[in-house]
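> just to be clear, the model below is a prediction. Sequence and coordinates:
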Amino acid sequence: MEFDIVGSEAIREGRATDAYFLRTEEALDHAGRNPHVVCDVTADQFGTGDWEVLAGLKDAVALFEGLDIDVHALPEGTLFDGGPVMRIEGSYREFARYETSLLGFLSGASAQATAALEAVTAAGDEASVLSFGARHVHPAATAALERSALVGGVSGFSHVAAGEVIDREPGGTMPHALVISFGNGHQEDAWQAFDEAVAPEVPRVALVDTYTDEVDEAIRAAEAIDLDSVRLDTTGSRRGDFRHIAREVRWELDVRGHEDVGIFVSGGLGPSEIRQLRDVVEGFGVGSYISNADPVDFSLDIVEVESEPAAKRGKLSGTKQVYRTPDGGHAVALEGTAVEGEPLLEPVVEDGEVVGTFDLEAATERCAADAARVGFGDGE
């Protein structure tokens, strides 16, 4: 049996679309109309003060390669709180059927990058955050998930095939299944088998909450192999005061001379839990908070037809530019209006030729710098 996956060919041909766009093409062709339009992709028309991270741009722009249109967009990793994140100009029939895929590429990715930034900001400068959410999304979407999480600032991720797609090495050590395979009372055998079998460059992180108390298994693991860290992934129903458990593990490891063994925690963590633990642990595995983030509600709207204002009710007509103001704000203005600040919408497609660049490291650095500039997470 084949998997239920819409392939690249269908996306490029514009068949990964809502049926009403194909009906629109039929109606326009019948009427002999194909107006020159300007379209905005927006979530909010005016600034809201709720910052989000633009991600998914690389795939979105790939839709337009070879089409006779011009596209401007915010650089990937830019934080925005209103106004257009993308502007498309050209004959409407040239790109109408791609709207569904375009918004799909941007909406989920931007939400996941924003959630990743929230987790990273909560962890602070001393602790690392890894993306563990691939099991919560369709396998076909895992590379986009992990790329978006990296844009948001996570230190790494776990999914092997996603790493092959985005050319990054996945991380991860052991599940409970490894320990269970050796049986209760034989945890040391599991940890030692891992240590002996896995490549030396893989960090030695032992899962220490399978059968007995976390302190007991942490001490036993630290004495069984040369550990980098222990991982606490205690089931929520048995967790109790997770901060107290982590502090107790830290104390008991230290008192036995294992100060160099770090503590890594995972399992249902979001920013609030991370803030409670960040002074006790060295790293966090964050899954569903990133992978299941509510999509950013982008829409694509015509704002000009044949150079005339044309937006529908609730949308803003006219060709626009957005700016990062000196105080870190996000200003929206009609193009050509004098605004003090750095213009953010830049060409990514010119006459069907992709002219933008989509470097992952640059997007990650931009996100971190922009977050500092706008005060993302201040006061939390």
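On my side now, so go ahead.
> which other residues reach the helix or strand hosting Val71?
For Val71, the host element (DSSP states H and E) is strand 69-73. Contact partners of strand 69-73, identified using CB atoms under 8 Å, 6 or more residues apart in numbering, comprise 54, 57, 60-61, 64, 85-91, 94-95, 345-352, 356. In short, each C-beta sits where N, CA and C put it, glycine included.
> now, these that are in strands?
With strands defined by DSSP state E, the entries of the contacts of strand 69-73 inside them are 85-91, 346-350.
> quick one, phi/psi of Ala363?
The phi/psi pair for Ala363 (degrees, to the nearest 10) reads phi -60, psi -40.
> what about it, neighbour count?
If you count neighbours by other CB atoms under 10 Å, Ala363 ends up with 26.
> over to Val208?
29.
> which residues touch it?
214, 217-218, 220-221, 230-232, 249.
> mind doing that once more with 7 Å?
By CB atoms under 7 Å, 6 or more residues apart in numbering, the contact set of Val208 is 214, 217-218, 221, 230-232.
> same thing with Ala371?
79, 117, 121 are the contacts of Ala371 under CB under 7 Å, 6+ apart.
> hmm, back to that, the strand holding Val71 pairs with which strands?
Listed by DSSP bridges, the sheet partners of strand 69-73 and their directions read strand 84-91 (antiparallel), strand 346-350 (antiparallel).
> alpha carbons of it, as CSV, please.
This file holds the C-alpha atoms of strand 69-73, laid out as CSV (Å, rounded to 0.1, in the frame of the first residue of the first chain):
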residue,chain,number,x,y,z
ILE,A,69,5.6,37.3,-11.4
ASP,A,70,7.5,39.4,-8.9
VAL,A,71,7.6,38.5,-5.2
HIS,A,72,8.9,40.4,-2.2
ALA,A,73,9.1,38.9,1.3
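> the helices in this protein, which residues?
With DSSP state H, the ranges of helices along the chain come out as 8-12, 19-31, 57-62, 92-95, 99-123, 142-151, 160-166, 176-182, 187-197, 214-224, 242-255, 271-277, 288-291, 360-374.
> hang on, isn't Ile5 packed against Ala140?
Yes - using CB atoms under 7 Å, Ile5 is in contact with Ala140, at 4.9 Å.
> mind putting the strands paired with strand 69-73 in JSON lines, mean neighbour count and distance to Phe264 included?
As requested, the strands paired with strand 69-73 are exported to JSON lines (neighbours: other CB atoms under 10 Å; distance: least, CB to CB, whole Å):
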{"stretch": "strand 84-91", "mean neighbour count": "22", "distance to Phe264": "35"}
{"stretch": "strand 346-350", "mean neighbour count": "18", "distance to Phe264": "38"}
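> would a markdown table of those with distance to Gly375 and mean pLDDT be doable?
Formatted as a markdown table, the strands paired with strand 69-73 follow (distance: least, CB to CB, whole Å; pLDDT from 0 to 100):
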| stretch | distance to Gly375 | mean pLDDT |
| --- | --- | --- |
| strand 84-91 | 20 | 98 |
| strand 346-350 | 24 | 98 |
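> make JSON lines out of those and add distance to Arg243.
Converted to JSON lines, the strands paired with strand 69-73 look like this (distance: least, CB to CB, whole Å):
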{"stretch": "strand 84-91", "distance to Arg243": "38"}
{"stretch": "strand 346-350", "distance to Arg243": "45"}
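> I'd like to know which of the ones you listed is closest to Asp294.
strand 84-91 (17.0 Å; CB to CB).
> show me the contact partners of that closest one.
Under CB under 7 Å, 6+ apart, the answer for strand 84-91 is 34, 36, 38-42, 54, 68-74, 95, 319-320, 322, 345.
> pLDDT at Glu380, what is it?
With respect to pLDDT, Glu380 has a value of 68.
> show me the one of the strands paired with strand 69-73 that comes nearest His330.
strand 84-91 (10.6 Å).
> okay, the closest one in CSV with CA atoms only?
Output in CSV follows, covering the C-alpha atoms of strand 84-91 (Å, rounded to 0.1, in the frame of the first residue of the first chain):
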residue,chain,number,x,y,z
PRO,A,84,2.4,41.8,4.9
VAL,A,85,5.1,39.2,5.2
MET,A,86,5.0,38.7,1.4
ARG,A,87,3.8,40.7,-1.6
ILE,A,88,3.1,39.1,-5.0
GLU,A,89,2.6,41.1,-8.2
GLY,A,90,1.7,39.8,-11.7
SER,A,91,-1.2,38.5,-13.7
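> for stretch 319-331, what does the pLDDT average out to?
94.
> figure out how far it is from the centre of its chain.
The chain centre lies 23 Å from the centre of stretch 319-331; the measure is CA atoms, centre = their mean, to the nearest Å.
> for that stretch, buried residues please.
By 16 or more other CB atoms under 10 Å, the buried positions in stretch 319-331 come out as 319-324, 330-331.
> contacts for that stretch, please.
Contact partners of stretch 319-331, identified using CB under 7 Å, 6+ apart, comprise 38, 40, 47, 80-84, 87, 304, 332-335, 339-345, 373-375.
> domain parsing of this structure, as residue ranges.
The chain resolves into domains spanning 8-111+295-374, 121-291 when parsed by automatic domain parsing.
> which of the ones you listed sits closest to Met1?
With CB to CB as the measure, domain 121-291 is the member of the domains of the chain nearest Met1 (14.6 Å).
> ends of the closest one, how far apart?
End-to-end span of domain 121-291 (CA to CA, to the nearest Å): 17 Å.
> and what of stretch 63-72?
Taking CA to CA, stretch 63-72 runs 14 Å from one end to the other.
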